[in-house]
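J.: The following comprises the amino acid sequence and a computationally predicted model.
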Amino acid sequence: MSTLILLISIFFYFPKIESTGTVKIKELPKLIFSGDLGGIYLLTAVAITGHYAAYSYIEPFLAQVSQMSADVVTIALAVFGGIGIIGSYLFNKLFAKFHYFFVGFAVIGTGIFVLLLQFSAISPITMFLCIIGWGLRYYCL
């Protein structure tokens, strides 16, 4: 329901912009495999695939390895999602100045935080710090 409300809000809130050009279906392969654009697509695919592959196992990891109760796991996942507001803000304000950092963090961040999960499982505090770092990484992409 909230997605429908968001869709309707976007439809009425954002102004209509006329298209300045069109891309034909025949031109898509050229766009996809162009140097810079192709690199961006590949980088995004790797970062997002890595994130979701690891994120699929975060709940069982928190419950079984970290021995967190179901309530604490729920809070941890809420923190992970909520940190997106901060990550999105940082990305918006700082990307132009620190774009190499953000791209590097986006690409290697998931690997770093997934490796840190095992070590951070020693306490809820270190686990939450790891989850916060991972959440920032995702939302800075």
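T.: Right, received. Where do you want to start?
J.: If you drop the residues flanking it in sequence, what lies closest to Val65?
T.: Nearest non-adjacent residue to Val65, counting by CB to CB, 6 or more residues apart in numbering: Ala121, 5.1 Å away. Any C-beta I mention is one placed from the backbone N, CA and C, and that applies to glycine too.
J.: how about that neighbour, what does it touch?
T.: 61, 65-66, 127 (CB atoms under 8 Å, 6 or more residues apart in numbering).
J.: ok, and the most crowded of the residues you listed?
T.: The residue in the contacts of Ala121 with the most neighbours, by other CB atoms under 10 Å, is Met127 (22 neighbours).
J.: isn't it right next to Ala76, touching?
T.: Yes. Judged on CB atoms under 8 Å, Met127 makes contact with Ala76 at a distance of 6.9 Å.
J.: got any residues that touch both of these two?
T.: By CB under 8 Å, 6+ apart, Met127 and Ala76 have these common neighbours: 62, 68.
J.: in this protein, which segments are predicted with low confidence?
T.: 140-141 (pLDDT under 70).
J.: ok, longest helix in it?
T.: helix 70-94 (DSSP state H).
J.: List the buried residues of it.
T.: 72-73, 76-77, 80, 83, 87, 91 (16 or more other CB atoms under 10 Å).
J.: now do stretch 29-47
T.: Ala47.
J.: All the helices of the protein, residue numbers only.
T.: 2-13, 28-32, 35-55, 58-60, 70-94, 99-120, 124-139.
J.: which strands and helices sit next to the fourth one?
T.: On a contact count with 3 or more CB pairs under 8 Å, 6 or more residues apart in numbering; DSSP states H and E, helix 58-60 meets helix 70-94.
J.: if we can go back for a sec, okay, the angle between the longest helix of the chain and helix 35-55?
T.: 160 degrees (axes from the mean of the first three to the mean of the last three CA atoms, to 10 degrees).
J.: I'd like to know which elements helix 70-94 is packed against.
T.: helix 58-60, helix 124-139.
J.: Tell me which of the ones you listed sits most buried.
T.: Comparing the helices and strands packed on helix 70-94 by mean neighbour count (mean count of other CB atoms under 10 Å), helix 124-139 comes out on top with a mean of 19.
J.: Thank you, goodbye.
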